[in-house]
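Enquirer: return atomic coordinates for the entry below.
(one chain, ligands or ions: 3)
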Amino acid sequence: MTSNTPESPAAPTRIQVAGTAGTDPYEVLVGRQLLGELPGLIGTRAKRVAVIHPEALAETGEALREDLAGQGYEAVAIQVPNAEEAKTAEVAAYCWKALGQSGFTRSDVIVGVGGGASTDLAGFVAASWLRGVRWIAVPTTVLGMVDAAVGGKTGINTAEGKNLVGAFHPPAGVLCDLAALDSLPVNDFVSGLAEVIKAGFIADPVILDLIESDPAAARTPEGPHTAELIVRSIQVKADVVSGDLKESGARETLNYGHTLAHAIEKNERYKWRHGAAVSVGLVFAAELGRFAGRLDDATADRHRAVLESVGLPLTYRGDQWPRLVENMKVDKKSRGDVLRFIVLDGLGKPAVLEGPDPAVLLAAYGEVSG
Ligand SMILES: NC(=O)c1ccc[n+]([C@@H]2O[C@H](COP(=O)([O-])OP(=O)(O)OC[C@H]3O[C@@H](n4cnc5c(N)ncnc54)[C@H](O)[C@@H]3O)[C@@H](O)[C@H]2O)c1
Ligand SMILES: O=C(O)C(=O)C[C@@H](O)[C@H](O)[C@H](O)COP(=O)(O)O
Ligand SMILES: [Zn+2]
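Expert: Ligands and ions are numbered 1, 2, ... in the order given. So this is what the prediction gives:
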């Protein structure tokens, strides 16, 4: 990837997401200085635009609001808490109130700016307001760009579990401005790499090769492969959701590592970053595949090695297993009382493991107990 000057940004990479289940297709753009794309995505019918952004991006949110107001829209900025504190029914209700007070109609548009938590909330507000208004995602974290903003899963958490309330409501477009990553704290940058590595294991091993070639560089926005890692991961997600928006089959593979990850997040009252929990969940899923006799040792071991090389966690508290099993029961892949996991039958070969023997589950957990 070549660098570009402020005067002449290189043309963005465009990744297509097909419309399925009666939804429209859309594009994910990756590049720099992409906000000029917003008016085209907002369209001519909108009179009002609501910019939902986290506290950490107060200046960005206000600048965007001013810019849109300068273009003639009635623009409001709705500031929400950072991270998982935004993914609550109370914050969604706060957003609904702001939309109601601004007279927001079905032809108006929401712009969700921020990390995955902010775009999950903004998308959910868009899905629920007037039973669905258009929205545009402007992800500003690695994780948001490669995963959360793409694919139309929107939602909030409840005390009982992660993302338990939500809707499939794809955006009209996704703008990934790589410059946003410059202000991201390193822990948040690295946390996003867990989903990048997930994409590598389930579908695109070149991702793993690129990270393994220089793990220290992979931890930074300036890394030589950062843009390629992001584009490749988005392509993996786009390919899957283009064929299965509502997770009736192939989309479950994107949940690799998430059954345990979400149980950990709930156990930590959503104070852990999602990517950190996914990292532990990926090691667990690899061990589960190995103990179930489905995954070879080399590929299972590679999980631990590549995750550790970028500084992601590999273990969780050994004494929490009974609580984690309880938490996993509300995983969205569960059917009745049967737990279902995504495991690998080999590199790039994700598959479902249904109702594993509790002894196998415990053995796999033994490998991630710290
Ligand atoms: N919908 C999906 O398909 C999907 C996929 C993966 C993850 N998710 C969700 O995404 C969330 C995690 O997203 P995340 O890792 O982006 O975390 P996050 O949204 O919590 O963001 C992390 C922190 O960084 C701040 N921030 C965001 N952009 C910044 C920037 N450019 N500079 C400085 N600070 C910035 C945020 O305000 C927050 O405090 C979880 O809730 C997870 O469930 C959803
Ligand atoms: O897009 C998907 O599908 C995924 O599973 C991607 C996950 O990385 C993401 O964390 C998603 O929000 C999890 O969904 P959930 O349905 O298990 O809540
Ligand atoms: Zn995830």
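Enquirer: from here on, contacts and neighbour counts on C-alpha atoms
Expert: Fine.
Enquirer: kindly report the residues of the protein close to ligand 1.
Expert: Neighbours of ligand 1 within the chain, by CA under 6 Å from any ligand atom: 54, 56, 82-84, 114-118, 120, 140-141, 143-144, 147-148, 153-154, 180-181, 183-184, 188, 192, 274-275.
Enquirer: tell me which of these fall in strands.
Expert: The strands, defined by DSSP state E, take in 54, 114, 153-154 from the residues of the chain next to ligand 1.
Enquirer: who in the protein is up against ligand 2?
Expert: Residues of the chain lying close to ligand 2 by CA under 6 Å from any ligand atom are 147, 151, 163, 251, 254-255, 332.
Enquirer: sorry, back to before: what's the closest of the ones in strands among the residues of the chain next to ligand 1 to residue 107?
Expert: The nearest member of these to residue 107, counting by CA to CA, is residue 154 at 19.9 Å.
Enquirer: tell me the contacts of the closest one?
Expert: Taking CA atoms under 8 Å, 6 or more residues apart in numbering, we find residue 154 in contact with 119-124, 127, 166-169.
Enquirer: if we use 7 Å, what do you get?
Expert: Residues near residue 154 by CA atoms under 7 Å, 6 or more residues apart in numbering: 120-121, 123-124, 166-169.
Enquirer: related to what we said a few turns ago, and the ones in strands among the residues of the chain next to ligand 1, which two are furthest apart?
Expert: Greatest spacing in those, by CA to CA: 54 and 153 (19.0 Å).
Enquirer: of the ones in strands among the residues of the chain next to ligand 1, closest to residue 106?
Expert: Comparing those against residue 106 with CA to CA places residue 154 closest, at 18.4 Å.
Enquirer: where in this structure is pLDDT low?
Expert: Counting by pLDDT under 70, the ranges of the chain that qualify are 1-8.
Enquirer: find the centremost residue of it, please.
Expert: Central residue check for the chain by CA atoms, centre = their mean: the C-alpha nearest the mean position is that of residue 148, 2.4 Å away.
Enquirer: residue of the stretch 201-350 of the chain nearest ligand 1, please.
Expert: residue 274 (5.2 Å; CA to the nearest ligand atom).
Enquirer: against residue 119, how distant is that residue?
Expert: 14 Å (CA to CA, to the nearest Å).
Enquirer: tell me which of those two has more neighbours.
Expert: Set residue 274 next to residue 119 and count neighbours by other CA atoms under 10 Å: residue 119 wins out with 34 against 24.
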